[in-house]
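In: below are the sequence and a predicted model for it; my questions follow.
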Amino acid sequence: MRIDLQEGFSDDVVEIYVNGTKVLEKEGVTTKRMLGLALSSEIEVPDGALDIEVRVPTKNLAKTFSVSSSDTSNLGISIHNGELKSITSKKRFGYA
C-alpha cells in the first residue's frame, strides 16, 4: 500500500501504525505547496481489513482509518481545519 501525506503538514512528526504496529515514523514532514505532497511511502500490509492509525504529535492529532487492503492500494492523508482526513484510490495519486 502506498501512503501519501498530502496537504497541511509543516515540519511535523508523523507516525503511522497498521493494526497497532508502527510502520513509519518521520520528522520534519512538510507539504510542498506546488505539489500538494509532503511524503510518499510504500508499506507492506497484510491482506484483509486494516486499521491505519496516523499520529501527528506536533499538532496533537491522531485518527484511525479503517480500510480493506483489497480495495485500497493508495491512501492519501491530509490535515484540513485541524483534522486528519483521508482519501483512497486504487490508482496512484497524481502530482504535478
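Out: Sure, I can see it.

In: what pairs with the residue nearest the centre of the chain across the strands?
Out: Geometric centre of the chain, nearest residue: residue 77, 4.0 Å, by CA atoms, centre = their mean. According to DSSP bridges, the residues that bridge with residue 77 are residue 5, residue 86.

In: quick thing: my sequence starts at 183, can you match it?
Out: New numbering, starting at 183: the last item is residue 259.

In: any weak-confidence spans in this structure?
Out: Applying pLDDT under 70 to the chain picks out residues 278.

In: now for residue 206: which residues touch it?
Out: 185, 196, 197, 198, 223, 225 (CB atoms under 8 Å, 6 or more residues apart in numbering). Glycine gets a C-beta too; all of them are placed from N, C-alpha and C.

In: could you export those residues as a markdown table, including distance to residue 245?
Out: Output for the contacts of residue 206, formatted as a markdown table (distance: CB to CB, whole Å):
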| residue | distance to residue 245 |
| --- | --- |
| 185 | 13 |
| 196 | 12 |
| 197 | 12 |
| 198 | 11 |
| 223 | 18 |
| 225 | 17 |
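
In: nearest to residue 237, of those residues?
Out: Checking those against residue 237 with CB to CB, the nearest one is residue 197 at 4.3 Å.
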